[in-house]
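Undergrad: show me how the following folds:
(4 chains)
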Number of protein chains: 2
Amino acid sequence: MSEQMIFRAISDPTRRSIMTMLASGEHSLGEIASQYEMTRPAVTKHLKILEEGGLIHIRAHGRQRLHALQPDALRPVSDWLGFFSQFWDEKLETLKQAVEADDA
Amino acid sequence: MSEQMIFRAISDPTRRSIMTMLASGEHSLGEIASQYEMTRPAVTKHLKILEEGGLIHIRAHGRQRLHALQPDALRPVSDWLGFFSQFWDEKLETLKQAVEADDA
DNA sequence: TTGACATGAAACCATTAGGTTTCCTATAAA
DNA sequence: TTTATAGGAAACCTAATGGTTTCATGTCAA
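TA: Now for the predicted structure:
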């Protein structure tokens, strides 16, 4: 789950779309694949890359494979963005730091 | 400057590194390339992809090309992240919305 | 005005990425 | 206990990516 694997995982529009779909809850491969105009094996590959980035968790359930979003895995992206956001939103950054300080 | 071009631009570690370098101010191609173990043409290609994503601005200055960070271009990424951050940090999200409401 | 320097441009190369087809395996249901 | 269903795996294809080398061009300085 290196930072690079996360950025790699979110760089593809199909994978970002799958993440959005999984925000509504767990879904099987068949359910996910039915939403896209590509074959199941292609979707499987996308899901594997998402898993390698830690963005989803896959568990077996009978003959199905259920895929669940793992939103925590996006934290490194948020941290990276935080560094640059200081240049375009001082106000929000200040609040963010306040929240983080409060957490500690 | 489609959203996809932004995600594409930030998906490469060299390009993210260049963005960090440019956070300190404008730099010429030569200055940037001297920091990496690859040829100038390779760096030029990275810079072009960053420009296509709107993440940097390039201007001519004599025989040099000066590259400046354009951090605003990261907003779409921030918005995208915002959607998912609601799942892992309700507290921060609440504050963020408060700030945005205050801006309006 | 000639030479050095900063960069652009084009051709090329190997690897990765995103996709397909075909076939195999495991589980559930009749 | 067959049969249908959900998915895995491997081989293959094309295009995009990240890099190189070579050569051309524009601009500054002697």
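Undergrad: ok, the closest residue in space to residue A:51 that isn't next to it in sequence - how many residues close by?
TA: Spatial nearest neighbour of residue A:51, chain neighbours left out: residue A:58 (5.7 Å); criterion: CB to CB, 6 or more residues apart in numbering or on different chains. From N, CA and C alone the C-beta is placed, and that goes for glycine too. By other CB atoms under 10 Å in any protein chain shown, 14 other residues sit near residue A:58.
Undergrad: residue A:58 and chain B: what is the separation?
TA: Per CB to the nearest CB, to the nearest Å, residue A:58 is found 18 Å from chain B.
Undergrad: which secondary structure elements does the strand or helix carrying that residue sit against?
TA: Here residue A:58 sits within strand A:56-61, counting by DSSP states H and E. Contact analysis of strand A:56-61 by 3 or more CB pairs under 8 Å, 6 or more residues apart in numbering or on different chains; DSSP states H and E lists helix A:13-22, helix A:40-52, strand A:64-69 as its packing neighbours.
Undergrad: tell me which residue is most central in chain A.
TA: Nearest to the mean C-alpha position of chain A, by CA atoms, centre = their mean, lies residue A:55 at 4.0 Å.
Undergrad: per-residue pLDDT of that residue, please?
TA: At residue A:55, the predicted lDDT confidence score is 98.
Undergrad: now it: closest residue in space that isn't a chain neighbour?
TA: Nearest one to residue A:55, counting by CB to CB, 6+ apart, is residue A:73 at 4.7 Å.
Undergrad: pairing partners for the strand holding residue A:58, with directions?
TA: Sheet pairing of strand A:56-61 (DSSP bridges) gives strand A:64-69 (antiparallel).
Undergrad: check which residues of the partner strand are buried.
TA: Neighbour counts using 16 or more other CB atoms under 10 Å in any protein chain shown place A:65, A:66, A:67, A:69 of strand A:64-69 among the buried residues.
Undergrad: ok, now stretch A:38-58?
TA: By 16+ other CB under 10 Å, the buried positions in stretch A:38-58 come out as A:43, A:46, A:47, A:49, A:50, A:51, A:53, A:54, A:55, A:56.
Undergrad: so is it next to DNA strand D?
TA: Yes: counting by CB under 7 Å from any atom of the strand, DNA strand D is contacted by stretch A:38-58 at A:40, A:41, A:44, A:58.
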